[in-house]
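> Here's a sequence, model it:
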Amino acid sequence: MRHICRIFSSAMLLFATTASMFAVDRIETPLSRNDFEKRYKSSMPSQLKALLESDTVTALEKEGLRFMYAYMTLPDIMDRTPQYYLQNIRGAIRASEEMPWGKDVPDREFRHFVLSPRVNNENLDDSRDYLYAELKDRIKGMSMEDAILEVNHWCHEKATYRPSDGRTNSPSATIRSALGRCGEESTFGVAALRSVGIPARQIYTPRWAHTDDNHAWVEAWANGKWYFLGACEPEPVLNLAWFNAPASRGMMMNTRVIGRYDGPEEVLLTNAAYTDINVTSNYAPTSTINVTVKDKNGSPVPGAKVRFCIYNYAEFFPVCTKEADANGKASIVAGKGDMIIWAYDGDRFGISKASASAPATVTLEYSPESVAEFDFDIVPPPVRASMPPVTKEQTAMNDMRKAQEDSIRIAYMNTFYTPEQSEVLAKKLGLDSEKVKDIMTDARGNWRVIESFLNEVPETDRNKAIDLLSVIAVKDLNDINAETLRDHVATPDVNSWHFKQSILNPRVWLEQLTPYKHVFRNAFSETERNSFRANPDKWSKWVSDNITIDTSWNPLGFSMHPEGVLKGRKADTHSAAIFFVSGARSFGIPARLDPVTCKTQYADNSGKWIDVDLFGKVVTPNNPKGRINISYTHDGGLEPKYYPQFTIAKISDGIPSTLELGELLPVSQIASEPIEVDAGQYMMVTGRRMADGSVLAKIRIFTVQESAIANVPLTVRHATNGVEVIGNFDAETRYKDPSGELRSILSTTGRGYYVLGLIAPSHEPSAHALNDISAIKDEFEKWGKSIVLLLPEESASRFDSSLYKSLPSTIKWGSDPDGKIAKALKDGLNLTTSDLPIFIIADTFNRVVAVQQGYTIGLGETLLNTILQLSE
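Residues are numbered from 1 along each chain as shown. Have a look, this model is predicted:
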């Protein structure tokens, strides 16, 4: 889940440099050439050296290779060959030469926003040539702006939105599964646009200020301007998307650019690999937030680290970290709302609230032994969205096209495995039919790979194959290949408590799955493997002695393939931990990254997990432990859940790190017994998100002593004002039921309170709303009142109800004839836009007591909390 618009006038558009008369002339700059030569002063990969000396590689292609390798991250160097990047460079140059706008794209925009196959943290694939072949004729003869719109229509044919875990699929995997979360859809959209020579970049809001989530979308360059669009969500014009209004409330929107970028945007960060630039002012009014850091004596603290944080999911998420200058000052350009400022110097830390209208002075007053309690009222920016003009004819044509594209995608999805086919396969192979059904239907477009694997695996290994397919993530079934499956099913059986989850299982964290186990077994002799298995500390020491830690060339922490680490003997700390676990499992040692602390661990013969310190060169004793006892008194509202309403973070060296205690778990489950943690300092954050997006937050800083229990009360603050009537809606208003007959809301709901929701098909905010309602299905059914969900009449047939199988049984479906209900709600409640979804709580005396509109995470809980107040 955590996994996380434009007020656009001509004055806010970003202008590029003057276009050259020809297709791209130069890829390198003197600076990038110098960076390349400095990086490879002593040596370079032999394959790269051969290509740079080859007569078959053009001068421009060599420039491309040098530019890419000057800034490429360590995982990309180790996990892909120079030939792979040359193929992508040739594809980019080909598009520049063959597409009519190639001559109009300046060299700067080409090198930073067309050349690279990497968009963000996705698994790299070979999709560029395929995308170009699919799109080049489709956009033939179009203007650059129209081509951008058309590429997005094609993307919509291939994929629609569904939330998933934090691993980012490649464009190929998104096409194969026909699904993607926003980060995957935008990666796919950027890759598609780059394939036809259109500069494109993924725009990201690390966290929204008004709701608990983040989002990613696409900006595309045409004729000197950057335009935005929602990937796989085609609109009739550019600079229009469902997130116009949410982005106008954004505090920070940014993008990462390969290399040293010298464009007009504000630079947030420059490191060895990329430039992080601030594009917030393209979407929302901005101003400068100023911070001064002082010590307890009131003196400035130069060099202090200053985290600019947004409250989101009950934690203070850092969207940018800066260093205080000689006067202890730091600043950032951001939206016009509140930020939480966390400053630290490695010993002490301080926390404060800041905005443009209220600059912050942060005192480093807390030490590792400090305890404290305080409240923040956090206010996001107001809605200030403006929309580009769109005619009714344009909207109607776009809706018709989207319906056609939905049918194309659905026709492809109809080729996926069915439960009936799964039953036949299970019977043929003598396997559990329910397990096979879950695996084969979850495989989606990758079903042929899974079916072939199950058919070819020896009969003696079939149940192990099912165990392997059951223990990996659902998303893995969408893109895992046969070679990887064959490698891991060959894992020798080991008598261990943790065999299935922590030896057989190839997944360690959110890395791409690869066939690494045979690589480890071949790299070490049988004697060495037996020695490691008998004493895992020896494997830990081998890793510490032989793997060099390099964080400068992987600043975003991309997960390296274990094979790449073994080959290059170099990795960042996180990839080294994944490497340790992967190797241990290959040798038959149960190992994992702890799901709460992310510590590297192996299990001893009793099944107990042992912490490993890879980077201290020796295995150190486990840290002293204590326990946290959370006490909570139910106050009549919904029970608080981890992340939406509270989190706990460990503070080390002045920096908080949130514990992974279980996403969405209720406090009663987490607090059923004291939680064992390392002794030290902790922070509990609780928050109540109000309907206007503001937050009532409470912070407790406390310590956990060795072998002691820290008793920590969990308190979620309440608003002082009660439920009020905010408008009217006529309960006699009629909608169309699924049979096409007109019925009144009253005849459906009966007397009393009800929920009315207006949603749209293939619409990300509507999908979030339905998933939020599904998450608390039992509570809505216990309430027992009707939830009437209406779709626009013209697009109701496009709604795929199979994506939402866990909705409450109290839901009644229908459509809004001619948009009359949407208009009545907009007029009667003084809504500034008609953006969907719109949800109200009303009664049959025509009183509206709550309204939620647009993109809102946690909608179900917000509605139910109001409902529970009504019953008090």
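> Can you give me the neighbour number for Ile578?
24 (other Cβ atoms under 10 Å). Quick note: C-beta positions are derived from backbone N, CA and C, even for glycine.
> oh, I was asking about Ser606
Per other Cβ under 10 Å, the neighbour tally for Ser606 reads 6.
> Now do the same contact list for Ala192.
131, 135, 151, 154-155, 171 (Cβ atoms under 8 Å, 6 or more residues apart in numbering).
> what do you get for Phe316?
Phe316 neighbours (Cβ under 8 Å, 6+ apart): 307, 309-310, 340, 342, 351, 656, 685.
> Make a markdown table from the residues you listed and add neighbour count and pLDDT to it.
Shown next, in a markdown table, are the contacts of Phe316 (neighbours: other Cβ atoms under 10 Å; pLDDT from 0 to 100):
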| residue | neighbour count | pLDDT |
| --- | --- | --- |
| Arg307 | 23 | 97 |
| Cys309 | 24 | 97 |
| Ile310 | 27 | 97 |
| Ile340 | 23 | 97 |
| Trp342 | 22 | 98 |
| Ile351 | 25 | 98 |
| Pro656 | 25 | 96 |
| Val685 | 23 | 98 |
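> How is this protein partitioned into domains?
Domains of the chain are assigned by automatic domain parsing as 10-14+23-281, 419-596, 625-713, 727-871.
> Start and end of the second one, how far apart?
For domain 419-596, the first-to-last residue distance is 36 Å (Cα to Cα, to the nearest Å).
> Would you mind checking the average pLDDT for that domain?
Throughout domain 419-596, pLDDT has a mean value of 95.
> Where do the strands of the stretch 701-850 of the chain begin and end?
For the stretch 701-850 of the chain, the strands defined by DSSP state E, counting those that start in this stretch occupy 709-713, 727-728, 734-736, 742-744, 753-758, 787-792, 811-816, 838-843, 847-853.
> what's the closest of those strands to Gly828?
Of all these, it is strand 727-728 that lies closest to Gly828, at 5.4 Å by Cβ to Cβ.
> Now flag whichever of the contacts of Phe316 is closest to His634.
Using Cβ to Cβ, the contacts of Phe316 come closest to His634 at Val685, 19.9 Å.
> is it fair to say that closest one lies in a strand?
Yes. Judged by DSSP: H, G, I helix; E, B strand; the rest coil, Val685 forms part of a strand.
> re the thing from before, cross the contacts of Ala192 against helices and list the overlap.
With helices taken from DSSP state H, the overlap with those comprises 131, 135, 151, 154-155, 171.
> Would you tell me which helix is longest in the protein?
Criterion DSSP H: the longest helix present in the chain is helix 392-413.
> Give me the residue ranges of the stretch 1-150 of the chain where confidence is low.
1-22 (pLDDT under 70).
> Which residue ranges of it form helices?
Under the criterion DSSP state H, counting those that start in this stretch, the stretch 1-150 of the chain carries helices at the ranges 30-39, 46-52, 59-71, 74-79, 82-98, 107-113, 127-135, 144-158.
> And the stretch 701-850 of the chain, by the same measure?
Using DSSP H, counting those that start in this stretch, helices in the stretch 701-850 of the chain cover 745-749, 764-775, 777-783, 820-828.
> And the domains of the chain: which comes nearest Ala330?
domain 10-14+23-281 (11.8 Å).
> Check Asn846 and give its pLDDT.
84.
> any idea how far it is from Pro817?
Distance of Asn846 to Pro817, given as Cβ to Cβ, to the nearest Å: 20 Å.
> my guess is Lys650 contacts Glu660, does it?
No. In this structure Lys650 lies outside contact range of Glu660 using Cβ atoms under 8 Å: 11.2 Å.
> shared neighbours, these two?
Thr597.
> picking up where we left off before, just say which of the domains of the chain is most tucked in.
Each of the domains of the chain was scored by mean neighbour count; the highest is domain 10-14+23-281, a mean of 21, by mean count of other Cβ atoms under 10 Å.
> for that domain, the distance to its chain's centre please.
The chain centroid and the centroid of domain 10-14+23-281 are separated by 17 Å, computed with Cα atoms, centre = their mean, to the nearest Å.
> Phe520: what's it in contact with?
562, 566, 582-583, 586-587.
> Filter those residues down to just the ones in strands.
Taking DSSP state E, every one of the contacts of Phe520 sits outside strands.
> re the thing from before, what is the longest helix of the chain packed up against?
Helix 392-413 is packed against helix 144-158, with contacts defined by 3 or more Cβ pairs under 8 Å, 6 or more residues apart in numbering; DSSP states H and E.
> State the next helix or strand along the chain beyond the helix it packs on.
Next in sequence after helix 144-158, counting helices and strands by DSSP states H and E, comes strand 160-161.
> Okay, now the unreliable bits of the stretch 251-400 of the chain?
Ranges of the stretch 251-400 of the chain meeting pLDDT under 70: none found.
> Could I get the full set of strands for it?
So, for the stretch 251-400 of the chain - with DSSP E, counting those that start in this stretch - the strands run 254-258, 266-270, 274-278, 286-294, 305-312, 315-323, 329-335, 339-344, 349-354, 360-363, 372-378.
> want to throw the ones you listed into JSON lines with distance to Ser496?
Below are the strands of the stretch 251-400 of the chain laid out as JSON lines (distance: least, Cβ to Cβ, whole Å):
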{"stretch": "strand 254-258", "distance to Ser496": "41"}
{"stretch": "strand 266-270", "distance to Ser496": "44"}
{"stretch": "strand 274-278", "distance to Ser496": "42"}
{"stretch": "strand 286-294", "distance to Ser496": "50"}
{"stretch": "strand 305-312", "distance to Ser496": "39"}
{"stretch": "strand 315-323", "distance to Ser496": "35"}
{"stretch": "strand 329-335", "distance to Ser496": "50"}
{"stretch": "strand 339-344", "distance to Ser496": "41"}
{"stretch": "strand 349-354", "distance to Ser496": "42"}
{"stretch": "strand 360-363", "distance to Ser496": "49"}
{"stretch": "strand 372-378", "distance to Ser496": "44"}
